[in-house]
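Participant: Just to be clear, the model below is a prediction. Sequence and coordinates:
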Amino acid sequence: MTRNRSVWFAVLGLLLIQAAQMVYMVHRESLTFDEGNHMFAGYMMWHTEDFGLNPEHPPLVKLLATLPELRRDLWIPPLKGHHFKSEAYMDGREWLARNDGSSQHMVFEMRLAAGLLALALSLTVFFAAREWFGTTAGLVALVLVTFDPNILAHSALVTTDVGVSLFFLASIYGFYRYVKQPTALRLCLAGLAAGLLMVTKHSGILLAPMLVLLIVWETVFAPKGERGRTALRLSGAFAVIVVIGVAVLWTFYGFRYAARPAGLQMNPTLASFVEPLTPFNAKAVLAIAHLHLLPESYLIGLVDVKRMAQFYPTFILGRQLAHGVWWYFPVVILIKTTLGLLALVALAFYAIVTKQMRKARELAFILIPAAVYLGVAMVSGMNIGARHILPLYTLAAVLAGGGAATLAAANRRWAWACGALVAAHIASALLVFPNSMAYANEAWGGPKNTYKLLSDANVDWGQQLIQVKSWVDKHPGEECWFAYFAHPEIDPEVYGIQCKHLPNLDTFWLGGADLIPPTISGNVLISAGDLSGCEWPSARMSPYGQFQSMQPAEMIDYGVMVYRGTFEVRQAAALSRAFNAYHMLWKGDAKGAHDLALEAVAIDPAEIMSQTVLGDSAAALGQKDEARAAWNAALAEARKLEPDAQVSYVPDLEEKLKKLQPPNA
């Protein structure tokens, strides 16, 4: 009884430590890239049952996070009918700026609500590890999760990564409990967990192949006379889990197929959104839609995941690539995982190979799902952050806990060695706290080097604005230029930052770049995402490549680099004009766009987008010879890019030239 009480005191203490870390961290962090999008979409789901503002993610986390805001009478921006991505991002920005501003009271409340999932994840890790490998394993696994910098970085953000990690583990653990002792209640709980997984993130569909492979494993290793019966029983259980899971999914969408309430249409429609997919995939999605087997919003989200993976560029080990690479996540694991956890996982495999860890079923329920998840992640093409493989960290913690407990029970020296590795894990995590998102282990130079190796949510997801504002306040009256990864989705001016906005790729789509001169002086702040050029298909396209070889004068939270001096930024100056020219052209002001495009080309004739918008605006004005010359100039520069980066520009330019009448026609 005394030992049991001590265990629960330890569990409670670790949960309190985890909660304290989360609260402190998110209280000092500004809004991250996707949070405003999620928050606004969740609030609108509660108030108008509109599931079309953010269909790329299912509703569970959004609904949970926005529960605290239901008591408020909040201003809602008028819907503009834009593409669902820009609508949700930009309306979410306005909604938070008007109702919350820089105080972040609402943001903090919503983050605390989302943080409940992180505490539930830790408890699930403890229960699974304890049942599979004993109480010591459960406590070790809980310690590893409590301090893991990757889990902690996302624990209280209004995003889906911690939630999907929770429900993946809960689904696998629930199915294990049913397999071990089949009861109707355990089967229903496994189905419920699967349903909650589906309404958390679209990657939840990977549970299906995981369970199928586990069923195959159980069948193969069942006694010979029981194999057929085992296969039949578990296949039936799988079918029940699917039915319950889909029922839970429909429940969260209000049992309504249409993504948007009456009177509102999706932009784009599902039929047009599937066009870039392969004919087979497009027909499959449309067939499911025709039969109303899954909600429209959920289907659009699945299509969005597939489409994003087709073109998303990658920044890895200081290299910019136009596509994903299979080795991205293995390298990320080596960089972003503490050396202590890596060593503990290695020891667990040592215990398996030496047959000291003999629980074959329990190991199968860890290793098979982990292999499926990692394998799919490696071929997915979405290489943008360790957060996308966060479920692997929970499984690794359970495996490491089991290995440590097994070896410690066999030999006191192993107990000391494993204890030292757990301590190293904690120490390494605390050294970067509260900037856990930028974590890199000591073998790679620690967090001060992360921005040189990786990008996006591995280091910079737009969380530094409160600290940037503090930095600006300490440098009053100084000239300030700011390239910010999450701008314009998040406006630094909401936080009181009055720096001039340098262009990035998102200011092309959404606007917000100031017109800047070819040479700038003073303080130049560049967040890690823009410094890496991670959104561009080629490093040649990034306007801040020159800064990569410079040593910053200061670093703000390991994610914003400060450079001082006078810098020639001709490419950025040209892009700032080209982007604004595009927006003028889209609004019908071809003359204004043409004048601005001429300025851009004069500053940097080799800039592809500047020459392209010059051609576009000239064509709109009927100046075909000038359009042809500009597009040919852009095409010549585009063909200098790496072959896999050319596809972002060359086909479009060739099509423009093809449609243009030949000279003197």
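Facilitator: Yep, it's here.
Participant: For burial, what's the neighbour tally of residue 400?
Facilitator: 29 (other Cβ atoms under 10 Å). Yep, even glycine has a C-beta here, placed from its N, CA and C like the rest.
Participant: thinking residue 74 is in contact with residue 99, fair?
Facilitator: Yes - contact criterion Cβ atoms under 8 Å: residue 74 and residue 99 qualify, at 4.8 Å.
Participant: Neighbour count: the two, which is higher?
Facilitator: residue 99 (18 against 15).
Participant: how close does that one sit to residue 493?
Facilitator: Distance of residue 99 to residue 493, given as Cβ to Cβ, to the nearest Å: 16 Å.
Participant: again with residue 528
Facilitator: Between residue 528 and residue 493 the computed distance is 21 Å (Cβ to Cβ).
Participant: Name the residues of stretch 649-664 that are buried.
Facilitator: If you call a residue buried by 16 or more other Cβ atoms under 10 Å, then stretch 649-664 has these buried ones: 649, 650, 653, 656, 657, 660.
Participant: So which residues lie in contact with that stretch, not counting its own?
Facilitator: The contact list for stretch 649-664, computed with Cβ atoms under 8 Å, 6 or more residues apart in numbering, reads 608, 612, 615-616, 619, 624-625, 627-628, 631-632, 634-635, 638-639, 641.
Participant: Next SSE downstream of the longest helix anywhere in the chain?
Facilitator: Secondary structure of the chain per DSSP state H: the longest helix is helix 105-133. Counting by DSSP states H and E, the next helix or strand C-terminal to helix 105-133 is helix 135-147.
Participant: Now do the helices in the stretch 251-400 of the chain.
Facilitator: 270-273, 279-291, 296-311, 328-336, 339-353, 360-380, 390-410 (DSSP state H, counting those that start in this stretch).
Participant: Could you identify which of these is most buried?
Facilitator: Among the helices of the stretch 251-400 of the chain, ranked by average contacts under mean count of other Cβ atoms under 10 Å, first place goes to helix 390-410 (a mean of 25).
Participant: next structured bit after it?
Facilitator: helix 412-432.
Participant: how many degrees apart are that following helix and helix 390-410 in direction?
Facilitator: Helix 412-432 and helix 390-410 are oriented at 150 degrees to each other (axes from the mean of the first three to the mean of the last three Cα atoms, to 10 degrees).
Participant: coming back round to it: who's more crowded, residue 528 and residue 493?
Facilitator: residue 528 (27 against 14).
Participant: isn't that one right up against residue 561?
Facilitator: Yes - Residue 528 lies in contact with residue 561 (Cβ under 8 Å); the separation is 7.1 Å.
Participant: list residues touching both of these two?
Facilitator: Once Cβ under 8 Å, 6+ apart is applied, the residues that residue 528 and residue 561 both contact turn out to be residue 451.
Participant: what sits against residue 34?
Facilitator: 159, 461.
Participant: can you start the count at 17 instead of 1 from here on
Facilitator: Right, with 17 as the first residue, what we last looked at is residue 50.
Participant: Could you check how far it is from residue 214?
Facilitator: 19 Å.
Participant: Check residue 603 too.
Facilitator: In this structure, residue 603 and residue 214 are 41 Å apart, going by Cβ to Cβ.
Participant: Settle it for me: which of these two has more neighbours?
Facilitator: Counted by other Cβ under 10 Å, residue 603 and residue 214 do not tie: residue 214 has more neighbours, with 27 against 10.
Participant: Next up, the contacts around residue 242.
Facilitator: For residue 242, the contact set (Cβ under 8 Å, 6+ apart) is empty.
Participant: right, I mislabeled it, should have said residue 582
Facilitator: 535, 536, 537.
Participant: distance of residue 143 from residue 182?
Facilitator: When distance is defined by Cβ to Cβ, residue 143 is 12 Å away from residue 182.
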